[in-house]
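Colleague: output the structure for:
(2 chains)
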Amino acid sequence: MRCRRRFAALVSVFAGLTVFATAALSQDVILSFEWTAERLSVPPGGQATIGLIARNDAVYEADDLELEIELGETGFEVAVEPELLAKIAPFGEATLLITVRVPEDVAEGEFELRTDALYTYCIEESCFLIAEPLTLRVVVEAGVDPVLPTPVAQHDPWPPVVIGLVLGGLAVSLALARRSRWRIPAILLLTLAAGLGLAYGTLRTQHEQAKSIGASLCVSCVGLEPTTHHAPELTAAEEQLLAGVTEASELLVFSARWCHACPIAKAFVAAVDEASPGITHRVVDVEEEPGLAEAFGVVRGGRTVVPAIARVDTEELFFGTEDLKARLFALLDLPAGVDEEADR
Amino acid sequence: MKLRWIRRSTQGAGLLLGLFGVTGIGMTHILFPGLHCYACPLAVTVCPIGLMQNLVAFGVVPYFWLGALFVYGLVAGRGFCGWFCPFGTLNDLLAFRKVRIGTWTSYGKYVVLAFALVGAWLATDTLFCKLCPAASLEASIPFLFLGVAKVNTPLLVHLGTLAGTLAGMILIARFWCRYLCPMGALLSLFNRVSLLRLRLDPERCKQCHACTSECPMGIEPHTQHDNHNCIKCGACVDGCKFHALSLGFGLRRR
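Modeller: Modelled structure (predicted):
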C-alpha cells in the first residue's frame, strides 16, 4: 500500500513537471520574420514601404500580430498595414507593410529602429504572449527611389529552383526509364509525391492562396494596363492645390495581397491624403470586406478588380494605376495640369 | 461510337467548366487541367501557369501546385489537351491543315515554360500572362466591354499575340498546342506514365501510315505512341482500319 502511494505521488509529481516543462518549453517563438529588403532607402522628405513576411512554422494559430516600432528622436512617421493582424494559420504566412515617412530636415545616414513583433498563441488552455525583437534599418539618402515597386515581391531563388529540379528530374528520369517494368513503380512514386504535395500545400494554406490569386484580378498582371513601377509624385503646385481642399472627402483604395500594382495606388493616395486637410483614405482588403467591394462596383463579371479607387460621397471609381494622378484628380473634381497654369 | 464524338462531349464539358462562373459560385481552390485564364469573368478555376508565376514572384515554393500537377499528369498527361482544354478545343476547331513540320520546333513549348518561370522570378511579375493568347481572348476582350480595360499598348500586344496564334492555328493544326503551350509542356512530362494511354498492337499494324495522316499533332502514332506531343485525342484510333491502335486507362504499358 505504501509503495503504491509513493508510486502514485511520484507519478503525479512527474506528470506535473511534464505539464509545466511542456508549457515552459512551448512558450517559444512560432513565427519567423523576414524583411522583403535588407534596408529601406528613403530620401529626405519622402516615404518608402517595406514588407515584413511573418511565417508560422508551427501547428498552432498565431493571433493578434502587431508591431511596436521605437522611433526615438528620429522624427520619422511610421504606418503599419494592417495595424493588427487577427490570425496566421498553422504553416501559413502573411505580410505586413511598413511605410516610413522621413522629415525634410533629417540628417542623411543609417538608422536602426528597434521593432518588437507582438503576438499570442494558445495551446489548449495555455496562451502565450511573444515579443520578438527585430531591427528595421532605414537609410536616409538623397536621390533614392522613394517607393519600392512591389514591396512584397522578392527574388527568392527557391521557388524556381524547386520547380526546375522537380520538373527537370521528372523529365530526365522518365526519359531514361524506357523499360516497361519501371512504369508501375514510377506511377506509385508519383502518386506518393502528388499526395505529399497536396497535403503539405494544404497544410500551408496554399489552396487558399490559389483561390485568392484566382479571385482577384490585378489589372496589370494580365496585361489590361501597362505595369507601373513608381507612384507618381506630387509637384509643389499640386501640393498647394491639395492643401486648399478642406471639404471632407473619403477615398477607398481596394487592394488585394497578390496585386502587383496595389502598393503604387496605396502610396499615391496616401500622399494625396497627407497633402490635403479635407481628403482622407482607407485601404480596403477585398478578401476581408467583399461586401464593400461589391457595393462599390469593384466586382465586375464575377472578378474583384484591383486596384480600384473609389470616392465615397459620389460613389465614383476607377481601376488600375495608368494615368493615376490625372484620374485621381478628376475623381476629386480637381483641375488637371496645375503646373502649366502655375508656369503661365 | 467513334472516339471523336465522345471527345466532343468532354471538350464541351471543359468549355462548360470554363464558363461555370455564370452560376455565381465564384472562384474555387481547383486548378484547371489546361490553359484557361483565371481572369476570365466566368472562370471558377485557377490557371496553373498564372498561379505558378504569381507564387514564384512572391517567393512561395508551390507544393500544392506541384501536387495538383502530378495528379493531372498521372491521370491523363496531355490527354487533357485533347479531351478537355478549352484553348485546345479552339485549336481543334481551326485544325484545317494536319501538316508535319520539323520535330525540333515542338520543343518551343519548353522554352515558353522556362520563360514563364524564369521571367516571373527575374521580373517578379507575370510576364507570360501579358502575352498569353488565352488571356487575350478570355480576359482582355471581355474586360474591354466590362469597362475595366482600355485600348492601350498592353491590349494591342494581347490582340497581336491572339491574331498571330489564330493565324498559326489555321495554317498548322494544333499550332499552339504543338509549339508554344506551357501547360502542354508541363503535362507532356507525364505522357510516358499517365494512366490514359495510347496502345499499339504491333501484330495488327500494317505500317500503312493512315494514323500519321490523321494525327493533328503531326507525329507518327504507330512508332511514337508515348511521344511528348501526343495529346491522346484518338484521331489515329478512329483512322486505323486494322484496329492496331487503342486508347484507354490502365497500369500496364501495352
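Colleague: I'd say A:Ser41 and A:Glu141 touch.
Modeller: Yes: with contact defined as Cβ atoms under 8 Å, A:Ser41 reaches A:Glu141; the gap is 5.7 Å. (Each C-beta comes from the backbone N, C-alpha and C, glycine too.)
Colleague: and A:Leu170, that's in a helix?
Modeller: Yes: if the criterion is DSSP: H, G, I helix; E, B strand; the rest coil, then A:Leu170 is within a helix.
Colleague: tell me how far it lies from chain B.
Modeller: Noted for A:Leu170: a distance of 5 Å to chain B, by Cβ to the nearest Cβ, to the nearest Å.
Colleague: shouldn't that residue be in contact with B:Asn191?
Modeller: No: at 11.3 Å, A:Leu170 does not count as touching B:Asn191 under the criterion of Cβ under 8 Å.
Colleague: in what helix or strand does A:Val138 lie?
Modeller: Element membership for A:Val138, per DSSP states H and E: strand A:126-140.
Colleague: buried residues in that strand?
Modeller: Residues of strand A:126-140 classed as buried: A:Phe128, A:Ile130, A:Glu132, A:Leu136, A:Val138, A:Val140 (neighbour count, 16 or more other Cβ atoms under 10 Å in any protein chain shown).
Colleague: same for that strand, what does it pack against?
Modeller: helix A:2-26, strand A:31-35, strand A:40-42, strand A:93-101, strand A:109-123 (3 or more Cβ pairs under 8 Å, 6 or more residues apart in numbering or on different chains; DSSP states H and E).
Colleague: pick out the shakiest of the ones you listed, pLDDT-wise.
Modeller: Note on these: lowest mean pLDDT is at helix A:2-26, with a mean of 63.
Colleague: just give me the longest helix of chain B.
Modeller: As assigned by DSSP state H, the longest helix anywhere in chain B is helix B:153-171.
Colleague: quick one: list the elements packing against it.
Modeller: helix B:133-135, helix B:175-179.
Colleague: most tightly packed of those helices?
Modeller: Across the helices and strands packed on helix B:153-171, averaging neighbours per residue (mean count of other Cβ atoms under 10 Å in any protein chain shown) puts helix B:133-135 on top, at a mean of 28.
Colleague: could you look up the SS state of A:Leu52?
Modeller: Three-state call for A:Leu52 (three-state DSSP): strand.
Colleague: before we move on, back to that, more neighbours: A:Leu170 and B:Asn191, which one.
Modeller: B:Asn191 (24 against 20; other Cβ atoms under 10 Å in any protein chain shown).
Colleague: distance of the more buried one from B:Leu74?
Modeller: Counting by Cβ to Cβ, to the nearest Å, the separation of B:Asn191 from B:Leu74 is 11 Å.
Colleague: can you list the domains in chain A?
Modeller: Domain segmentation of chain A under automatic domain parsing yields A:31-140, A:158-204, A:236-343.
Colleague: any idea how far apart the tips of the shortest one sit?
Modeller: With Cα to Cα, to the nearest Å as the measure, the first residue of domain A:158-204 is 16 Å from its last.
Colleague: now that domain: average pLDDT?
Modeller: Averaging pLDDT along domain A:158-204 gives 87.
Colleague: which residue of chain B sits farthest from its center?
Modeller: Most distant from the centre of chain B: B:Glu203, at 32.2 Å, with distances by Cα atoms, centre = their mean.
Colleague: can you mark which positions in stretch A:293-304 are buried?
Modeller: For stretch A:293-304, the neighbour count (16+ other Cβ under 10 Å) marks A:Ala293, A:Phe296, A:Val298, A:Val299, A:Arg300, A:Gly301, A:Gly302, A:Arg303, A:Thr304 as buried.
Colleague: now do stretch A:71-91
Modeller: Neighbour-count burial for stretch A:71-91, with 16+ other Cβ under 10 Å as criterion, is recorded at A:Thr74, A:Phe76, A:Val78, A:Val80, A:Glu81, A:Leu85, A:Ile88, A:Pro90, A:Phe91.
Colleague: now do the SS call for the third one.
Modeller: Under the three-state scheme (three-state DSSP), A:Val78 adopts strand.
Colleague: which residues in the chain form helices?
Modeller: I'll assume chain A. Using DSSP H, helices in chain A cover A:2-26, A:158-176, A:183-203, A:206-215, A:236-243, A:262-275, A:290-295, A:324-331, A:338-343.
Colleague: ah, I was thinking of chain B
Modeller: Using DSSP H, the helices of chain B run over B:3-18, B:48-57, B:63-76, B:79-83, B:86-93, B:108-123, B:133-135, B:141-145, B:153-171, B:175-179, B:182-188, B:210-214, B:235-239.
Colleague: mean pLDDT for the ones you listed - can I get that in TSV?
Modeller: Shown next, in TSV, are the helices of chain B (pLDDT from 0 to 100):
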stretch	mean pLDDT
helix B:3-18	91
helix B:48-57	93
helix B:63-76	96
helix B:79-83	96
helix B:86-93	94
helix B:108-123	94
helix B:133-135	96
helix B:141-145	92
helix B:153-171	95
helix B:175-179	95
helix B:182-188	96
helix B:210-214	92
helix B:235-239	93
